[in-house]
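A.B. asks: Here is the input, now give the coordinates:
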Amino acid sequence: MKQSFFTVVSNAALTADVYRMVLEGDTSAITAPGQFINILLDGLYLRRPISVYDADESTVTIIYKVVGEGTEKMSRMTRGERLDVLTGLGNGYDTSLSGNRPLLIGGGVGVPPLYMLAKKLISEGKEVSVILGFNTESEIFCEEEFKALGVKVSVTTADGSYGIKGFVTAAMESGCTYFYTCGPEPMLKAVYAASETSGQFSFEERMGCGFGACMGCSCKTVTGYKRICKEGPVLTKEEILWRK
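C.D. replies: A predicted model of the protein is given here:
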């Protein structure tokens, strides 16, 4: 984990309530796809955890949805503003287990961390397929960005207004060697039930500190309690115990 100041390079709307922000600063602590950053905002006590969409030597890109006061404040930020950011948080995805034909499954704002993951898997010579799930056509984002990577992309919408009608499980097919997924818990449960291989799940949880000190995001697993912000947010299929 590293704390440093980042400068807003750009901040633009992708849909009515989803934004892409590029920040410039020290990204050396970001070492794996699936990690997140934690942003301090003026006037708000708790930082806002946001998954990493992409990163290079000097910039990190995040995609976030406006759901409350913090993200609404972020949506109004302009080029040149500075932010206090914790980077390199969470354990991220392990690509060594993927096999040759990994499947990436994202729902809504669970889509962003899969982009950096797809890039890493492609660099390792893997044949990547991606399923992106949304409620309706107006909510779709990043489809073209994934296609530009050269991966196979399937899009599902719950109302059938675009792509395959239904949830992400409607696009799941046999043949993948492993899967990676991120999204709301009902979607993760459905993927768990429908999957035929092992995989990794990225979970969302309300966080206090974001780096394991407060224990507020602890969840029970097969091997004991784990902190979503520290030992997570990525858990393997075999260690998950679903809450009733």
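A.B. asks: Show me how far stretch 217-227 is from its chain's centre.
C.D. replies: Put simply, stretch 217-227 sits 20 Å off its chain's centre (C-alpha atoms, centre = their mean, to the nearest Å).
A.B. asks: Can I get it as CSV, trimmed to CA atoms?
C.D. replies: Coordinates of each C-alpha in stretch 217-227 appear next as CSV, following Å, rounded to 0.1, in the frame of the first residue of the first chain:
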residue,chain,number,x,y,z
CYS,A,217,-15.3,-6.0,5.9
SER,A,218,-14.5,-9.5,7.3
CYS,A,219,-16.4,-12.4,5.9
LYS,A,220,-16.4,-16.1,6.7
THR,A,221,-14.7,-18.5,4.3
VAL,A,222,-13.9,-22.2,4.3
THR,A,223,-10.5,-21.4,5.7
GLY,A,224,-11.7,-18.9,8.3
TYR,A,225,-12.5,-15.2,8.3
LYS,A,226,-10.9,-13.0,5.6
ARG,A,227,-11.0,-9.2,5.1
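A.B. asks: Break the chain down into its domains, please.
C.D. replies: Following the assignment in automatic domain parsing, the chain carries domains at 2-89, 95-202, 204-244.
A.B. asks: Ends of the longest one, what's the gap?
C.D. replies: I take that to be domain 95-202. 14 Å (C-alpha to C-alpha, to the nearest Å).
A.B. asks: From Asp42, how far out is Thr27?
C.D. replies: Distance, Thr27 to Asp42, by C-beta to C-beta, to the nearest Å: 23 Å. Glycine gets a C-beta too; all of them are placed from N, C-alpha and C.
A.B. asks: that older thread, where among the domains of the chain is average confidence lowest?
C.D. replies: Ranked by mean pLDDT, the domains of the chain end with domain 204-244 at the bottom, a mean of 90.
A.B. asks: and the end-to-end length of it?
C.D. replies: Domain 204-244 has its terminal residues 17 Å apart, counting by C-alpha to C-alpha.
A.B. asks: returning to that earlier point: looking at Thr27 and Asp42, which is more packed in?
C.D. replies: Thr27 (22 against 7; other C-beta atoms under 10 Å).
A.B. asks: The longest strand along the chain packs against which elements?
C.D. replies: In the chain, assigned by DSSP state E, the strand with the most residues is strand 2-13. The elements that strand 2-13 packs onto, with contact taken as 3 or more C-beta pairs under 8 Å, 6 or more residues apart in numbering; DSSP states H and E, are strand 18-24, helix 69-75, strand 82-89.
A.B. asks: And Val60, which helix or strand is it part of?
C.D. replies: Using DSSP states H and E, Val60 sits in strand 59-65.
A.B. asks: and if you look at Gly106?
C.D. replies: Per DSSP H and E: strand 102-107 holds Gly106.
A.B. asks: what's the angle between the helix or strand just after that strand and strand 102-107?
C.D. replies: Later in the chain than strand 102-107, the nearest helix or strand by DSSP H and E is helix 113-123. Put simply, helix 113-123 runs at 170 degrees to strand 102-107, going by axes from the mean of the first three to the mean of the last three C-alpha atoms, to 10 degrees.
A.B. asks: send the alpha carbons of helix 113-123 over as PDB?
C.D. replies: Extracted as PDB, the C-alpha positions of helix 113-123 are listed here (Å, rounded to 0.1, in the frame of the first residue of the first chain):
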ATOM      1  CA  PRO A 113     -11.300  -4.500 -13.200                       C
ATOM      2  CA  LEU A 114     -11.700  -7.200 -15.900                       C
ATOM      3  CA  TYR A 115     -10.100  -4.900 -18.500                       C
ATOM      4  CA  MET A 116      -6.600  -4.900 -17.000                       C
ATOM      5  CA  LEU A 117      -7.100  -8.600 -16.300                       C
ATOM      6  CA  ALA A 118      -7.900  -9.200 -20.000                       C
ATOM      7  CA  LYS A 119      -4.700  -7.300 -21.000                       C
ATOM      8  CA  LYS A 120      -2.600  -9.400 -18.700                       C
ATOM      9  CA  LEU A 121      -4.000 -12.700 -19.800                       C
ATOM     10  CA  ILE A 122      -3.600 -11.700 -23.500                       C
ATOM     11  CA  SER A 123       0.100 -10.800 -22.800                       C
END
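A.B. asks: Fine by me, we can end here.
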